[in-house]
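Asker: Quick one, fold the following:
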Amino acid sequence: MDFDLFMEKYGYKLLGLGIVILIAVVLGFPLYALWRFIKEYPEMTLTILIIIIITSVFLRGYFKAYGEAMGKYFYDDKFGKRP
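Answerer: You can find the predicted model right below:
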């Protein structure tokens, strides 16, 4: 079997296997490291999670207020209406 026949028969299978291995390595290592961190330092993980939740709540309120202020500043509610 020459190379052309081999690639015609097994090429996409090898390519698919390579992509699956690449995805497993790219996603697997960070997930494994995160799992080890959670397992070894549960108190620190909980603290970081609480800090992230609190900051996201404050940032959500900030961005909502900012969006409302910019909407009032840039939006002309009289546009297209006759006086």
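Asker: And residue 41, its phi and psi?
Answerer: phi -130, psi 70 (degrees, to the nearest 10).
Asker: hang on, I meant residue 2
Answerer: Backbone dihedrals for residue 2, given as degrees, to the nearest 10, come out at phi -90, psi 180.
Asker: and it, how many neighbours?
Answerer: Neighbouring residues of residue 2 were enumerated by other Cβ atoms under 10 Å; the total is 7. C-betas here are computed from N, CA, C, even on glycine.
Asker: show me the contacts for residue 30.
Answerer: By Cβ atoms under 8 Å, 6 or more residues apart in numbering, the contact list for residue 30 is empty.
Asker: buried set for the helix or strand where it lies?
Answerer: Per DSSP states H and E, residue 30 falls inside helix 3-40. By 16 or more other Cβ atoms under 10 Å, helix 3-40 has no buried positions at all.
Asker: Show me how far it is from its chain's centre.
Answerer: Here helix 3-40 is found 19 Å from its chain centre; the criterion is Cα atoms, centre = their mean, to the nearest Å.
Asker: pLDDT on that helix, on average?
Answerer: Mean per-residue pLDDT for helix 3-40: 90.
Asker: Show me what the following helix or strand past it is packed against.
Answerer: Later in the chain than helix 3-40, the nearest helix or strand by DSSP H and E is helix 42-74. Helix 42-74 sits against no helix or strand, with contacts defined as 3 or more Cβ pairs under 8 Å, 6 or more residues apart in numbering; DSSP states H and E.
Asker: how much space is there between residue 64 and residue 55?
Answerer: 15 Å (Cβ to Cβ, to the nearest Å).
Asker: Spatially central residue for the protein, please.
Answerer: By Cα atoms, centre = their mean, the chain has its centre lying nearest to residue 27, at 12.0 Å.
Asker: which residue packs closest to residue 37, ignoring adjacent ones?
Answerer: Spatially, and ignoring its direct neighbours in sequence, residue 37 is nearest to residue 45 (6.5 Å; Cβ to Cβ, 6 or more residues apart in numbering).
Asker: Local confidence estimate at the one you found?
Answerer: Per-residue pLDDT puts residue 45 at 92.
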